[in-house]
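Enquirer: Return atomic coordinates for the entry below.
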Amino acid sequence: MNSLERYLKTIKGRPVDHLARIPIVMQFAAEYINSNYGKFASDYNVLVEANIVCAKDFGFDQLSAISDPYRETQGFGAEIKYVENGVPRCITIPLKNKDLNTLEKPDSYTSERMFDRIKAIRLYKEKCEGQYSIMGWVEGPAAEAADVYGLSDFYMDIMLDADFIEQLMDKVTETAIEFALAQLKEGADTIGIGDAVCSQISPDVYEELILPREKKLVDAIKKAGGYVRLHICGNITHLLPGIATLGIDILDVDHMVDMEEAREILGDKIILAGNIDPVSGIKDGNPETISNYMHNTYNVIGNPLMVCAGCEIPSKTPNENLKSLCVPIKYKD
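Expert: Numbers count the residues shown, from 1 in each chain. Presented below is the predicted three-dimensional model:
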């Protein structure tokens, strides 16, 4: 059973040889091949090489096109500055007022950074089709609205001018759908959706304003034949009842969330991924504690589970710690 078969069988609820491993690596991966984060985020060749090498050396079952939150944002008109050893900086906010007509319309094949991700998917397909799951990535409605409008203004107007925020989220959701479908067309089997700002939003506001846009995005991906992996950093316990209605395949669970409670709320139709603390658990842990954590988690919550940390594997994580995370855990019926 190869990595792709293991991944797809897990999604379809079938027995596998061992749990699929889907860690997210960005700066760690860049440095592992003696490159840097700036090149990883700006050149698809570096991103692809770094992920493939890590997949082979550590035992991943999925290749990812994630690098930072500002692919679509650049398409909307933002200026992006690359940083050698850090996340790219968004140094201009595309929407300086509430006139949505002033926003540029991103295009997956002509917007520079969006097309770079498309080329990453193409290269993955060329090099690894049939071997690994290939995950594309888009920003969720709330996250991209905040990137386009500014985080503080987004949080303020979600309370003071919800009608405008809804219109903005509708606009960025359409771009996310177009971008997701383009990545599926080019070879991705899964689309990751990052909507981190939601962790700071109340359940009522989330379910009324954001969840319907996420649902539209998820439905479009599923209709096109793709699978969906949702990633919301932070403590999302209060959002889990809403998330349960989205129809996603995989939910990344950060270390602040109790996995047993997540299973109780989400049931066994959604694959949980996580949730060991990427810093204290992975970077600063040791192989024995990492292995014990993942085995204990599996013993408590059972199937379906995929192995990863609560969020991105940090830079400077000892290689032996990441290898320990990815040691196969035998599947239990």
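Enquirer: contacts, neighbours, all on C-alpha from now
Expert: Will do.
Enquirer: Once you drop chain neighbours, what's closest to Cys90?
Expert: The shortest distance from Cys90 to any residue that is not its chain neighbour, by CA to CA, 6 or more residues apart in numbering, is 4.8 Å, and that residue is Ile80.
Enquirer: do you know how far that neighbour is from Glu112?
Expert: The gap separating Ile80 from Glu112 is 11 Å, by CA to CA, to the nearest Å.
Enquirer: Mind listing the shared neighbours of the two?
Expert: When contacts are counted by CA atoms under 8 Å, 6 or more residues apart in numbering, Ile80 and Glu112 have Gln74 as shared neighbours.
Enquirer: For Asp61, give me its contacts.
Expert: By CA under 8 Å, 6+ apart, the neighbours of Asp61 are Ser3, Leu4, Arg6, Tyr7, Ala20, Arg21, Ile22, Ala55, Tyr132, Ser133.
Enquirer: what kind of secondary structure is the most centrally placed residue in the chain in?
Expert: Nearest to the mean C-alpha position of the chain, counting by CA atoms, centre = their mean, stands Gly192 at 4.2 Å. Under the three-state scheme (DSSP: H, G, I helix; E, B strand; the rest coil), Gly192 adopts strand.
Enquirer: so it touches Ser133, yeah?
Expert: No. Using CA atoms under 8 Å, Gly192 makes no contact with Ser133, being 11.9 Å away.
Enquirer: tell me which element Leu123 falls in.
Expert: With elements delineated by DSSP states H and E, Leu123 resides in helix 112-128, which encompasses its position.
Enquirer: Now do the buried residues in that helix.
Expert: Of the residues in helix 112-128, those scored as buried under the neighbour-count criterion (16 or more other CA atoms under 10 Å) are 112-125.
Enquirer: Spatially, which pair of those is furthest apart? Let me know, please.
Expert: When CA to CA is used, the two most widely separated members of the buried residues of helix 112-128 are Glu112 and Lys125, lying 20.2 Å apart.
Enquirer: before we move on, back to that, mind checking which of the contacts of Asp61 land in helices?
Expert: Where the contacts of Asp61 overlap with helices, as defined by DSSP state H, the overlap consists of Ser3, Leu4, Arg6, Tyr7.
Enquirer: which one of those residues is nearest Gly187?
Expert: For the ones in helices among the contacts of Asp61, the minimum distance to Gly187 (CA to CA) is 13.0 Å, reached by Leu4.
Enquirer: What's the local residue count around the closest one?
Expert: 20 (other CA atoms under 10 Å).
Enquirer: from here on, count from 27
Expert: Sure, I'll start counting at 27 from here, so that last one is Leu30.
Enquirer: so how far is Val244 from the residue nearest to it when sequence neighbours are not counted?
Expert: On the basis of CA to CA, 6+ apart, the spatially nearest residue to Leu30 that is not a chain neighbour turns out to be Tyr158, at 4.3 Å. Distance of Tyr158 to Val244, given as CA to CA: 22 Å.
Enquirer: Check Ile291 too.
Expert: When distances are taken as CA to CA, Ile291 and Val244 turn out to be 19 Å apart.
Enquirer: repeat for Ser90
Expert: In terms of CA to CA, Ser90 sits 18 Å off from Val244.
Enquirer: ditto for Leu210
Expert: Taking CA to CA as the measure, Leu210 and Val244 are separated by 13 Å.
Enquirer: now Pro267
Expert: Using CA to CA, we find Pro267 at a distance of 16 Å from Val244.
Enquirer: burial count for Gly112?
Expert: Look at Gly112: counted by other CA under 10 Å, it has 12 neighbours.
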